[in-house]
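Asks: what follows is a predicted structure for the sequence shown.
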Amino acid sequence: MSAEQLPEYIQFLLTPEAYPHAVDKVELIQTHISFVTVAGDFVYKWKKPVNFGFLDFSTLEKRQECCERELFLNRRLCPDIYLGTVAVAQVDGHLMLNGPGEVLEYGVKMARMPEERMMSRVIAAGGLGEADIDRIIERLVPFYEQVDGSDAIREFGHARSVAVNVLENFDQTEGFVGQGALSRNQFQEISDYAREFLTNEDLFEQRIVAGRIRDCHGDLYSANICLADQVQIFDCIEFNDRFRYADVAADVAFLAMDLDFHGLDDLSQLFIDQFVTRSADDGLLAMLNFYKCYRAYVRGKIGLFTAADSAVDAGVREDCQAQAGRYFKLAHGYALAG
């Protein structure tokens with residue numbers, strides 16, 4: 001998408017003069033659901049007006065509500081990063097960040113984290129080690145102990161509730177089958193494995209009784225972790241509670257799958273072994289492969305969605321297609337192992 005095709009408020013935010021603090025240049029990052037403007041010492045996240053069914057940002061009011069929700073939920077794990085909500089307003093015919101006029105868009109303001117310490121970059125540089133895994137576990141174990149695990153949330157641990165999240169992925173990707181990233185055979189065998197596992201209702205009930213269904217992060221992988229002096233785990237799911245109300249195993253499996261995806265099988269195994277020991281959660285192991293498969297498939301789906309977004313350029317589209325194929329291959333491997 002060229003600059004002229006971007007929303008007017010994003011075009012405005014791409015100018016350094018739009019901000020009330022020092023900015024040399026502005027960088028724009030896009031996902032299938034967000035515009036992110038990186039400006040000086042701060043990052044601003046803006047939601048696209050999209051509706052995927054499981055996610056609805058279609059109105060200004062819904063985007064405002066999700067911005068406020070994002071702020072509240074992410075302050076659980078990184079209170080110093082999420083600074084507040086912001087707005088772009090129309091003031092005397094001009095746009096203004098946090099101006100007094102009619103609000104055109106809402107966003108979230110974050111402190112900028114050191115890019116060289118982003119976990120994805122550390123992995124790409126070959127610098128991830130056991131000490132990093134240990135620090136992540138130290139952050140996660142008390143988090144899961146402290147977050148809400150009320151009766152209302154525990155209801156999301158039943159097999160029938162988990163099935164809603166898992167099976168909808170197959171409905172949402174069926175139209176992409178056979179187009180390169182996802183073969184018919186992969187689609188069928190992953191789907192068959194997931195449906196078969198979901199019949200093990202006793203396993204899911206045991207997790208509920210053990211108190212392992214919590215208000216989790218929902219998007220726990222390397223792209224959302226910064227290995228700074230204090231580990232920052234950010235960008236949790238705010239747009240749909242049922243993606244956060246889940247078995248701790250589903251959260252932990254996401255990061256383990258991500259390490260597998262990057263070829264770090266030994267660190268993935270270390271992460272699981274140490275997490276199980278420190279959280280005294282042996283029951284997690286019975287769920288691990290299933291949730292790894294689920295998480296890999298979701299990442300593949302997101303790659304397809306992003307590639308299908310007319311706002312992304314050809315290079316991003318090609319990269320997303322290729323990455324989606326790798327995720328579906330990984331999910332297929334978990335299905336066969338299961």
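Replies: That came through fine.
Asks: neighbours of residue 8, just the number please.
Replies: 12 (other CB atoms under 10 Å). In this view, the C-beta of every residue, glycine as well, is placed from N, C-alpha and C.
Asks: now do the contacts for it.
Replies: If you count contacts by CB atoms under 8 Å, 6 or more residues apart in numbering, residue 8 has them with 95, 104.
Asks: look at it and report its pLDDT.
Replies: For residue 8, the model assigns a pLDDT of 96.
Asks: and it, how far from residue 14?
Replies: Here the criterion is CB to CB, to the nearest Å. By it, residue 8 lies 11 Å from residue 14.
Asks: likewise for residue 61?
Replies: 25 Å.
Asks: tell me what the helix or strand containing residue 250 is packed against?
Replies: Assigned by DSSP states H and E, residue 250 belongs to helix 248-261. Applying 3 or more CB pairs under 8 Å, 6 or more residues apart in numbering; DSSP states H and E, we find helix 248-261 packed against helix 130-146, helix 265-279, helix 284-307, helix 314-337.
Asks: nearest to residue 169, of these?
Replies: Checking the helices and strands packed on helix 248-261 against residue 169 by CB to CB gives helix 284-307 as the closest, at 5.5 Å.
Asks: one step back: what about residue 61 and residue 14, which has more around it?
Replies: Counted by other CB under 10 Å, residue 61 and residue 14 do not tie: residue 14 has more neighbours, with 17 against 9.
Asks: got a list of what that one touches?
Replies: Residue 14 sits next to 3, 6, 26, 28, 37 when contact means CB under 8 Å, 6+ apart.
Asks: so residue 84 sits in a strand?
Replies: Yes: counting by DSSP: H, G, I helix; E, B strand; the rest coil, residue 84 is found in a strand.
Asks: that one and residue 49, how far apart?
Replies: Using CB to CB, we find residue 84 at a distance of 22 Å from residue 49.
Asks: ok, now residue 214?
Replies: To residue 49, residue 214 is 31 Å away according to CB to CB.
Asks: ok, now residue 287?
Replies: As judged by CB to CB, residue 287 and residue 49 stand 36 Å apart.
Asks: between residue 214 and residue 49, which has more neighbouring residues?
Replies: residue 214 (25 against 14).
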